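Enquirer: Build me a structure from this.
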Amino acid sequence: MVLIIGYGNTLRRDDGAGHHLAKTIQERCGAASVRVVETHQLVPELIDEIVSPDVTAVLFMDARVATDICSCQGIPEEVEIREIEAAVSSPSFGHHLDPSTLLAYARHLNGGHPRAWLISIPGVDFEYGEGFSEYARRSLTVAEEKVLRLLHSIFIK
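Expert: I've put the predicted structure just below:
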């Protein structure tokens, strides 16, 4: 089973893209193939989900600020999908972690962790409010297809 962790603030417009993408992928793949956890931020309590014996891969889904302002008028800049490894970026065990730190704690507590990827969806509107900018909607369409291809490659291997 693939664990999908969609995170971000759904009340800050495009910042909710990780949640939306996680739910969309679950609808496309079905509950038997993926399990979705939605959260405002990455917290230590997620380690139990990550080290669950039935989890074979973890996908972290989050929004990011688009860096190329010119691209905001046209096609969205690249949706980033990159495999990540365990690495501690902070010496503390606080209540806001990044994906690599969560994996490091999972490895420390469990002796290992499943393969993991970070899916980063570019957006342009992070003001208070609900709904997505047109830019984020286009980014989500691209992200959905890329994630489905990634999941296909995970399940084929």
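
Enquirer: CA atoms for contacts and neighbours, from now on please.
Expert: Fine.

Enquirer: and the nearest residue to E78 once chain neighbours are set aside, what does it touch?
Expert: Of all residues not flanking E78 in the chain, P122 sits nearest, at 7.6 Å (Cα to Cα, 6 or more residues apart in numbering). Contacts for P122 were tallied using Cα atoms under 8 Å, 6 or more residues apart in numbering; they are A63, R64, V65, A66, P76, E77, E78, V79, A136, S139.

Enquirer: ok, so what distance separates the residue positioned nearest the centre of the chain from I47?
Expert: Note on the chain: the residue nearest the mean C-alpha position is M61, at 1.2 Å, using Cα atoms, centre = their mean. According to Cα to Cα, to the nearest Å, M61 and I47 sit 16 Å apart.

Enquirer: Just the strands from this structure, written as ranges.
Expert: Residue ranges of the strands in the chain, as given by DSSP state E, are 2-7, 34-39, 57-65, 80-84, 115-123.

Enquirer: just the CA coordinates of the shortest one, formatted as PDB?
Expert: The C-alpha trace of strand 80-84 is given here as PDB (Å, rounded to 0.1, in the frame of the first residue of the first chain):
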ATOM      1  CA  GLU A  80       8.600  18.600  -8.900                       C
ATOM      2  CA  ILE A  81       8.700  14.900  -8.000                       C
ATOM      3  CA  ARG A  82      11.900  13.700  -6.300                       C
ATOM      4  CA  GLU A  83      12.800  10.700  -4.300                       C
ATOM      5  CA  ILE A  84      13.900  11.600  -0.800                       C
END
